[in-house]
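> Show me the folded form of this:
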Amino acid sequence: MTDRDSWRGTVPFGDAGPLLEQLAPGDQVTATAWRRDIVVLSKNGVRQNTSEAPRDELQMNAAIGVLAA
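Predicted coordinates:
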């Protein structure tokens, strides 16, 4: 039986991190989406950011840096 809300696809990662090292083909994970991109995958309490995850730096710091340049 398949879930109508399920999605299968490829998501880019910056490194193998803690979650990808534990996954096997066919494993199911929970995905967190932000602005139409998957930014976090998790399974059994282990979370890993994708390459699309927003950076932790504040947008104000980036704006000030652009204005200073």
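
> And the helices in this structure?
Ranges of helices in the chain, per DSSP state H, are 17-20, 59-68.

> Any buried residues in the first one, and which?
Of the residues in helix 17-20, those scored as buried under the neighbour-count criterion (16 or more other Cβ atoms under 10 Å) are L19. (C-beta placed from N, C-alpha, C; glycine too.)

> what distance separates it from the middle of the whole chain?
Helix 17-20 has its C-alpha centroid displaced from the chain centroid by 11 Å (Cα atoms, centre = their mean, to the nearest Å).

> Using PDB, write out every CA atom in that helix.
Extracted in PDB, the C-alpha atoms of helix 17-20 (Å, rounded to 0.1, in the frame of the first residue of the first chain):
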ATOM      1  CA  GLY A  17      26.500  13.300   8.000                       C
ATOM      2  CA  PRO A  18      24.900  11.200  10.800                       C
ATOM      3  CA  LEU A  19      21.700  10.200   9.000                       C
ATOM      4  CA  LEU A  20      22.800   9.100   5.600                       C
END
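
> avg pLDDT for it?
In this model, helix 17-20 carries a mean pLDDT of 84.

> What helices and strands are in contact with that helix?
If contacts are counted by 3 or more Cβ pairs under 8 Å, 6 or more residues apart in numbering; DSSP states H and E, helix 17-20 sits against strand 37-43, strand 46-49.

> Not counting that helix itself, show me its contacts.
F13, V29, L41, S42, K43, V46, R47, Q48, N49 (Cβ atoms under 8 Å, 6 or more residues apart in numbering).
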